[in-house]
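Give me the fold of what follows.
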Amino acid sequence: MGYLEYAKGQGLDIHSITGVVIYPDSNGIPQDIILIPYEAKAEQSLDEIIHSAITNIEVNGIFNYFQNVRWTMPELEEELMGWSFERGQSIGTEYFNGDLRLSYGTITFDRSVADMIEDDDDVGEFKFIYRGKAFTIPVTEFPKNVGPAKLFKKINR
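The predicted model follows:
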């Protein structure tokens, strides 16, 4: 039985968000990610998706712990291999330090544990360089209305 079937059977409040996923440029499973919600058009390339998402932000980016997905997806590290990405560079060290990967995918979250999450959603700014241009995006840290990450689906463009 997969996690989605388990969650449905337990009455968990799960939901998925698709968008640009930003994480440190290293192999393995990133500890944390920033997700910028964005629904791509079918004809958009990865570069076009990233550029549209980071220049037309409609909601804050989401800073979320990602390592726990490996408990519901034992094949997560294998799934991350071969995931298309563009490179970026963080400015400062508030969220990530150094080289970045920017990709596109869907993350499924569990809102069922919202009562256990602190009420304050801290908002910060994430500064980075993409294609030679500096960007600053607002980021909500561990938003209560999103919940912890549980599943991941890569989307290659």
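
which secondary structure element contains Glu78?
For Glu78, the host element (DSSP states H and E) is helix 76-80.

next one: Glu48
Assigned by DSSP H and E, Glu48 falls in helix 46-55.

Quick one: list the elements packing against that helix.
strand 14-24, strand 86-90, strand 99-110, strand 122-130, strand 133-141 (3 or more C-beta pairs under 8 Å, 6 or more residues apart in numbering; DSSP states H and E). The way it works is simple: take the backbone N, C-alpha and C, and place the C-beta from them, glycine included.

List the buried residues of that helix.
Leu46, Ile49, Ile50, His51, Ser52, Ala53, Ile54 (16 or more other C-beta atoms under 10 Å).

Closest to Ile36 out of those residues?
Nearest to Ile36 out of the buried residues of helix 46-55 is Ala53 (C-beta to C-beta; 4.8 Å).

Can you verify my assumption that Glu79 contacts Lys154?
Yes - the pair Glu79 / Lys154 is scored as a contact, 6.2 Å apart, by C-beta atoms under 8 Å.

Now the residue nearest the centre of the chain. Nearest residue, chain neighbours left out?
Centroid-nearest residue in the chain: Leu35, 3.1 Å away (criterion: C-alpha atoms, centre = their mean). Leaving aside its sequence neighbours, Leu35 sits nearest to Ile62 (C-beta to C-beta, 6 or more residues apart in numbering; 4.5 Å).
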